[in-house]
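**Student:** what follows is a predicted structure for the sequence shown.
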Amino acid sequence: MALSVLILEDSKTQATIISKMFEKAGFAATCVPTEEEALALLKSQSFQLLVLDVFVDGHNTLDDLPLYRDLAAGVPIAIMTAGHMANPESGADALNKARRQRVMFLLPKPFYFDDVKQICEDVTGFWARREDTALAS
């Protein structure tokens with residue numbers, strides 16, 4: 001059974017491209033364009049990876065990381081951003097903020113399939129180790 005990824009991306013074009021990359025890497029991808037939809041899905045479904053765009057509808061998703069972590073406890077999170085054209089430093093600032101909040105994966109846009117493949121391999125290994133630990137207990 002494929003691991004599942006929830007992708008929060010407000011650009012329909014980017015969501016399509018990103019989801020296809022995760023699917024090519026063997027994950028079942030679910031894309032949503034708004035934070036409200038992402039949070040609603042987390043209340044009703046389980047995912048093995050969250051991929052969150054930082055700037056969605058003028059809001060900074062990093063401000064709500066504790067909420068995502070509460071709803072998807074222990075699930076690895078990848079943060080992606082290209083920043084804002086009006087503020088050239090916003091992308092680097094967002095990725096540094098994500099790093100300080102101990103986000104597992106950082107994806108500066110544009111990223112490539114090799115980046116997604118590496119994340120998927122790491123996440124697959126993460127869940128396999130957790131399963132081995134649970135079986136050993």
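**Tutor:** That came through, no problem. Numbering: from 1, shown residues only.

**Student:** pLDDT score for the residue lying closest to V54 once chain neighbours are set aside?
**Tutor:** Spatial nearest neighbour of V54, chain neighbours left out: T81 (3.9 Å); criterion: C-beta to C-beta, 6 or more residues apart in numbering. Placement of C-beta: from N, CA and C, glycine included. Looking at T81, its pLDDT is 86.

**Student:** and the nearest residue to Q48 once chain neighbours are set aside, how far from S19?
**Tutor:** Leaving aside its sequence neighbours, Q48 sits nearest to L3 (C-beta to C-beta, 6+ apart; 4.1 Å). Remark: distance between L3 and S19 (C-beta to C-beta, to the nearest Å) = 14 Å.

**Student:** can you check L39 too?
**Tutor:** 19 Å.

**Student:** equivalent analysis for F111, please.
**Tutor:** 14 Å.

**Student:** would you list the phi and psi of the spatially most central residue of the chain?
**Tutor:** For the chain, V51 is the residue whose C-alpha lies nearest the centre (C-alpha atoms, centre = their mean; 1.2 Å). The phi/psi pair for V51 (degrees, to the nearest 10) reads phi -120, psi 110.

**Student:** so it touches L107, yeah?
**Tutor:** Yes. The pair V51 / L107 is scored as a contact, 7.4 Å apart, by C-beta atoms under 8 Å.

**Student:** before we move on, back to that, L39 and S19: which has the busier surroundings?
**Tutor:** Legend: neighbour count by other C-beta atoms under 10 Å for L39 and S19, higher for S19 (19 against 16).

**Student:** which residue is the nearest non-sequential neighbour of the more buried one?
**Tutor:** Leaving out its chain neighbours, the residue that sits closest to S19 by C-beta to C-beta, 6+ apart is A29, at 3.9 Å.

**Student:** just grab the bridge partners of the residue nearest to V54 for me.
**Tutor:** Judged by DSSP bridges, the bridge partners of T81 are P108.

**Student:** how far off centre is the top helix by length along the chain?
**Tutor:** Counting residues, the longest helix found in the chain (DSSP state H) is helix 113-136. Here helix 113-136 is found 14 Å from its chain centre; the criterion is C-alpha atoms, centre = their mean, to the nearest Å.

**Student:** give me the buried positions along that helix.
**Tutor:** Buried positions in helix 113-136, judged by neighbour count with 16 or more other C-beta atoms under 10 Å: 115-116, 119-120, 123-124, 126.
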